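>>> With the input below, show me the fold.
(chains A and B, ligands or ions: 1)
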Amino acid sequence: MTAKAASAPSPFVERSDLVSWGRVSRGVQRVARPGFRDELSGLPSHAGDESLLAIGPRRSYGDSCLNRAGAVVDMSGLDRFIAFDAATGVLRAEAGASLSEILRLVVPKGWFPPTTPGTRFVTLGGVVANDVHGKNHHGAGSLGRHVRAFGLLRSDRGALTVTPESDPALFASTIGGLGLTGVIEWVELQLVKIGGAHLDVEIVPYDNLDDFWSLADESARSFEHTVAWLDCAAGGAGTGRGIFSRANWIDDGAYDLHDDKSWKRIPLEAPGFALNRFTVGAFNKLYHRVNSAKAGTHRQHYAPFFYPLDAVHDWNRLYGRRGMLQYQCVIPRENQRDAIAEMLRVIAASGQASFLAVLKTFGDLPSLGVLSFPRPGATLALDFPFRGETTLNLLARLDAMVREANGALYPAKDGRMSREMFRRSFPRWEQLLKDPALNSDFWTRVAQ
Amino acid sequence: MNIESERIVILGAGSAIARATARLWAARGARLVLVGRDQDRLNAVAADLVALDCASADAGVELAKMVETLGGLDILLLAYGVLGDQTELERDPSAAATLIQTNFTSAAA
Ligand SMILES: Cc1cc2nc3c(=O)[nH]c(=O)nc-3n(C[C@H](O)[C@H](O)[C@H](O)COP(=O)(O)OP(=O)(O)OC[C@H]3O[C@@H](n4cnc5c(N)ncnc54)[C@H](O)[C@@H]3O)c2cc1C
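Residues are numbered from 1 along each chain as shown, chains lettered A, B, ... in the order given. Reported below is the predicted structural model:
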């Protein structure tokens, strides 16, 4: 530790309210929140022997954005734009910049992120570190394919500018690298051109999984965005029934922005019984009815289309104090039909049916990261209110099916996968060019 | 407040409050001059505002040139301040005097 660091007050504070999106893992976490990039290089000396991890607003559900054994660096204060070229759509911004802020800047100028997760309250650092995918995966691939460069601060090599050409191995390690290859200081992204802020959205209710697969195949050819919402309480012949949604951008020059202020708030953590089997089942039926009524094509703004859950701030608190576990897997194409059908049957029979289940096919464009999750096939994502052993046992059964089908689990959604499951999901994991000074609770659990 | 084309000087532009205010003003088309001690940080703040379309955010222009640059001045935001060490301030009157000068009189000096 340097003399200067020893005499200056520590930038780290202890907080016990820092949780990830699933709100299951609780405990004390040391946190620093720098306001300028020049503060980053001094943090390791303050942390002493403790490991560090850069984090965003913790929209990851499990423990990949926590480092309770060490300390975390909350990057949300480093959210400045560095440069934006409205002619080419190249944006460079600090890693703590949120998609929400980025949309405010770029949408009025006719640009949109190349792909986006289902929430805009994520940061550039976070979306790179999970190589996120969106509803346009079949045409655009995952986010890393659109990253032109990033600034990476490593404990062993200092500040680096990394491009796919300058250091292919470090680039591939950092895309989807779970924050373990260095602190991402800034990101340069190629945006895509849009002709307006609205989409033509077609809602197609369908009755069973076979219909889903046909819709997915047919829609991938003519629609830029596709996804399906499933009623997972439905079993038997109705297994997998749901609503297929497919959309294309509209070129009407209407570039209105989203609104981050008029949220409906969930005031407190809802009591645990708020989401029992009955309420979730009822919700699912209602949702099916409401959306069937809206079947057909309608014009929709990008905010309700891409970010429906963002309209309810802190919706994750609906699951009560015990929180929730999300489960997201990808099943390779050759096994997708059988495996997904079997998983959905088990889920329906368990009666632990989740509030949300999303099914989406991934296209063939390769993901660039050593630990990237997307691969050709189909991905299923569901929430489970956390009820201790009962929930863990069900998820272990699902794990076995995913393993059998040569699938993988998504670290961004995980707080409990086994080492074996991790290693099978990411067979190249040992190639990760990890920064020796960084660590996360997730990594300790699955890799050490 | 109609901030469009207002001419604004922000002293202590590196602080969080200044930054948030500057972003709001910049987004509405104000012309800003940023003043602070650390040139790199000011450049970072200025680049952010320029991206937000406030093409005339200048970092750290000499105080004397500011009014000239803007051709007048409408708002001056004083957004810096120093928190002293309370015990030292109670013991040492000159430390207290320095602090008071930094916080309350330096912008007018
Ligand atoms: C409602 C909802 C919908 C979602 N939908 C999708 C979806 O459709 N597709 C999808 O792929 N994901 C989805 N996600 C997951 C989410 O996109 C990822 O978890 C994302 O990484 C969260 O970003 P964050 O900024 O909150 O980062 P955090 O969750 O705080 O951190 C995520 C990872 O990034 C690392 N990290 C963050 N900042 C930095 C940095 N500056 N330098 C180095 N490492 C860093 C962290 O160490 C951690 O490993 C969804 C999440 C929610 C809550």
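
>>> What about A:Leu365, how many residues nearby?
Other residues within reach of A:Leu365, judged by other Cβ atoms under 10 Å in any protein chain shown, total 15. C-beta coordinates here come from the backbone N, C-alpha and C atoms, glycine included.

>>> for the record, mean pLDDT for the helix or strand A:Asp399 falls within?
With secondary structure defined by DSSP states H and E, A:Asp399 is part of helix A:389-404. Averaging pLDDT along helix A:389-404 gives 96.

>>> Same check on stretch B:26-42?
Mean pLDDT, stretch B:26-42: 80.

>>> distance between the ends of it?
Start to finish, the residues bounding stretch B:26-42 are 15 Å apart (Cα to Cα, to the nearest Å).

>>> and that stretch, does that touch chain A?
Yes. Residues of stretch B:26-42 contacting chain A under Cβ under 8 Å from any Cβ of the partner chain: B:Asp38, B:Asp40, B:Arg41.

>>> Quick check: chain neighbours aside, which residue is closest to the first one?
Think B:Asp38. The shortest distance from B:Asp38 to any residue other than its chain neighbours is 6.0 Å, reached at B:Gly14 (Cβ to Cβ, 6 or more residues apart in numbering or on different chains).

>>> Helix, strand or coil: sort out the residue of the stretch 201-350 of chain A found nearest the ligand for me.
Ranked by Cβ to the nearest ligand atom, the top residue of the stretch 201-350 of chain A for proximity to the ligand is A:Leu309, at 4.6 Å. The three-state assignment at A:Leu309 reads helix, by DSSP: H, G, I helix; E, B strand; the rest coil.

>>> what's A:Arg445 in contact with, if anything?
Neighbouring residues of A:Arg445 by Cβ atoms under 8 Å, 6 or more residues apart in numbering or on different chains: A:Asp63, A:Arg419.

>>> Just give me the neighbour total for the residue in chain B that the ligand sits nearest to.
Taking Cβ to the nearest ligand atom as the measure, chain B has B:Ala44 as its residue closest to the ligand, at 15.5 Å. Burial of B:Ala44 is recorded as 22 neighbouring residues (other Cβ under 10 Å).

>>> element containing it, please.
Secondary-structure element containing B:Ala44, defined by DSSP H and E: helix B:39-51.

>>> Return the list of helices and strands in contact with that helix.
Packed against helix B:39-51 by the contact rule (3 or more Cβ pairs under 8 Å, 6 or more residues apart in numbering or on different chains; DSSP states H and E) you find strand A:81-85, helix B:16-27, strand B:31-35, strand B:58-59.

>>> Pick the most buried one from those.
Using mean count of other Cβ atoms under 10 Å in any protein chain shown, the stretch among those with the greatest mean number of neighbours is strand B:31-35 (a mean of 25).

>>> ok, that one: who's next to it in the sheet?
Strand B:31-35 has its sheet partners listed here by DSSP bridges as strand B:7-11 (parallel), strand B:58-59 (parallel).

>>> how about the residues of chain A near chain B?
Looking at chain B, the residues of chain A close enough under Cβ under 8 Å from any Cβ are A:35-38, A:77, A:80-84, A:93-94, A:105.

>>> Let's see that with 7 Å instead.
For chain A, the contact set with chain B under Cβ under 7 Å from any Cβ of the partner chain comprises A:Gly35, A:Phe36, A:Arg37, A:Asp38, A:Arg80, A:Phe81, A:Ile82, A:Ala83, A:Phe84, A:Leu105.

>>> Let me know the closest of those to the ligand.
Nearest to the ligand among those, counting by Cβ to the nearest ligand atom, is A:Arg37 at 10.6 Å.

>>> Now the nearest residue to the closest one once chain neighbours are set aside: which helix or strand?
Once its chain neighbours are removed from consideration, A:Arg37 has its nearest residue in A:Glu185; the separation is 5.6 Å (Cβ to Cβ, 6+ apart). Secondary structure assignment for A:Glu185, by DSSP H and E: strand A:183-190.

>>> Quick one: name whatever helix or strand follows that strand.
That would be, after strand A:183-190 and using DSSP H and E, strand A:192-193.

>>> How about residues contacting that following strand?
Contacts to strand A:192-193, defined as Cβ atoms under 7 Å, 6 or more residues apart in numbering or on different chains, come from residues A:Gly89, A:Gly110, A:Trp111, A:Phe112, A:Pro114.

>>> List the neighbouring strands of it plus their orientation.
Within its sheet, and counting by DSSP bridges, strand A:192-193 is paired with strand A:111-112 (antiparallel).

>>> Out of the helices and strands in chain B, which is least certain?
Least confident helix or strand, chain B: strand B:58-59 with a mean of 58, by mean pLDDT, DSSP states H and E.

>>> okay, the helix or strand harbouring A:Thr297 in PDB with CA atoms only?
For A:Thr297, the host element (DSSP H and E) is strand A:296-301. What follows is strand A:296-301 as a C-alpha-only set of coordinates in PDB (Å, rounded to 0.1, in the frame of the first residue of the first chain):
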ATOM      1  CA  GLY A 296     -52.900  -8.900 -34.900                       C
ATOM      2  CA  THR A 297     -50.600  -6.100 -35.900                       C
ATOM      3  CA  HIS A 298     -50.200  -2.900 -34.000                       C
ATOM      4  CA  ARG A 299     -47.700   0.000 -33.800                       C
ATOM      5  CA  GLN A 300     -45.800   0.000 -30.600                       C
ATOM      6  CA  HIS A 301     -43.000   2.200 -29.200                       C
END
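
>>> Where does the prediction get shaky in chain B?
B:1-5, B:53-73, B:76, B:78-109 (pLDDT under 70).

>>> Then chain A?
Under the criterion pLDDT under 70, the flagged ranges of chain A are A:1-7, A:262-294, A:353-356.

>>> rerun that using 80 as the cut-off
A:1-8, A:260-295, A:311-321, A:353-356 (pLDDT under 80).

>>> Domain map for it?
With domains defined by automatic domain parsing, chain A comprises A:11-76, A:78-194, A:198-425.

>>> Spatially, what comes nearest to whichever residue of the stretch 151-300 of chain A sits closest to the ligand if we skip its sequence neighbours?
Using Cβ to the nearest ligand atom, A:Gly179 is the residue of the stretch 151-300 of chain A that sits closest to the ligand, at 2.3 Å. Spatial nearest neighbour of A:Gly179, chain neighbours left out: A:Ala129 (4.6 Å); criterion: Cβ to Cβ, 6+ apart.

>>> how close does that neighbour sit to chain B?
Taking Cβ to the nearest Cβ, to the nearest Å as the criterion, A:Ala129 is separated from chain B by 22 Å.

>>> Same question for A:Pro366.
Here the criterion is Cβ to the nearest Cβ. By it, A:Pro366 lies 32 Å from chain B.

>>> A:Gly134 touches A:Thr115, doesn't it?
Yes. In this structure, A:Gly134 sits in contact with A:Thr115. The criterion is Cβ atoms under 7 Å, and the distance is 3.9 Å.
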